[in-house]
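> based on what follows, work out the 3D shape:
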Amino acid sequence: MFPDHIETDRLDLERISHDSVDVFALHELYSNGDDTEEMFEYWDSSPHETVKETYDYVDEAERLWNDMEGAKYVIRPKDGEDGAGVIAGTTGLYPDWEKRSANLGILLDKPFWGRGYSGERADAMLSVAFDRLNLELVVAVYIDGNEKSRRAITKYVERYGGQYEGLLRNWLPVDETVVDAHRYSISREEYLAMAEC
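Residues are numbered from 1 along each chain as shown. Next comes the predicted model:
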């Protein structure tokens, strides 16, 4: 259903599974490092305190994949990029088959911010959603206040002729509260129109 490996100009996206990803390397990204607090400030989960949490995260990624409920990938810069080969982040595509739509997600380690990786990864995920899975809509959401995500999402949504749909109040449970979120979308028609240009 989902591709195991996706290549872009600067990135390798590899399926998260126990066969393909070293749990300890992934744990470094998701655990308490110098930049972890800032990375997780606008995220819907907390840093992993133990390797077991990361192991369980990989288990869940495999379950989503096998149940066709989601595809999670590690993001690695390719040769020639600063940090080539290391896990720079993770991304996911989560279909809602009944609605013929999918949600995008990304978490990047701070040293890889500002390189345009979010948009490049979005291009690859949009291709999977529309060209491979034949879905009708792709949605991206960011937590209110996350200006870096707003800028990244706005760039690729505008590039494909998508739209800002508005503020979803009290939308996403995070820790002990519920936060507001902003929703953007790109339709299949918008995507195909831009692909023809």
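> tell me where the chain has strands.
5-7, 11-15, 71-77, 89-96, 101-108, 137-143, 163-174, 177-187 (DSSP state E).
> paired strands for the second one, with orientation please.
Okay, so that is strand 11-15. Next to strand 11-15 in the sheet, as set by DSSP bridges, lie strand 5-7 (antiparallel), strand 71-77 (antiparallel).
> rewinding a little: tell me the most buried of the strands of the chain?
Comparing the strands of the chain by mean neighbour count (mean count of other Cβ atoms under 10 Å), strand 71-77 comes out on top with a mean of 23. The C-beta positions use only the backbone N, C-alpha and C, and glycine is treated the same way.
> what angle do that one and strand 101-108 make?
Angle between the axes of strand 71-77 and strand 101-108 is 40 degrees (criterion: axes from the mean of the first three to the mean of the last three Cα atoms, to 10 degrees).
> ok, now which ones touch the closest residue to Val21 other than its chain neighbours?
Leaving aside its chain neighbours, Val21 sits nearest to Val74 (5.6 Å; criterion: Cβ to Cβ, 6 or more residues apart in numbering). For Val74, the contact set (Cβ atoms under 8 Å, 6 or more residues apart in numbering) comprises Leu13, Glu14, Ile16, Val21, Leu26, Ile87, Gly89, Thr90.
> of all these, which comes closest to Arg63?
For those, the residue nearest Arg63 by Cβ to Cβ is Ile16; the value is 11.2 Å.
> residues near the closest one, how many?
Other residues within reach of Ile16, judged by other Cβ atoms under 10 Å, total 24.
> hmm, it is touching Arg63, no?
No. Look at Ile16 against Arg63 with Cβ atoms under 8 Å: they stay out of range, at 11.2 Å.
> give me the helix or strand of this structure that scores worst on average pLDDT.
helix 36-39 (a mean of 71; mean pLDDT, DSSP states H and E).
> right, and Gly161 touches Met194 too?
Yes. Using Cβ under 8 Å, Gly161 is in contact with Met194, at 5.7 Å.
> in the chain, where is pLDDT below threshold?
Low-confidence segments of the chain (pLDDT under 70): 32-34, 40, 42-43, 197.
> just to revisit the earlier point, for the strands of the chain, give me JSON lines that also has distance to Asp123.
Formatted as JSON lines, those follow (distance: least, Cβ to Cβ, whole Å):
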{"stretch": "strand 5-7", "distance to Asp123": "10"}
{"stretch": "strand 11-15", "distance to Asp123": "10"}
{"stretch": "strand 71-77", "distance to Asp123": "13"}
{"stretch": "strand 89-96", "distance to Asp123": "12"}
{"stretch": "strand 101-108", "distance to Asp123": "11"}
{"stretch": "strand 137-143", "distance to Asp123": "11"}
{"stretch": "strand 163-174", "distance to Asp123": "18"}
{"stretch": "strand 177-187", "distance to Asp123": "11"}
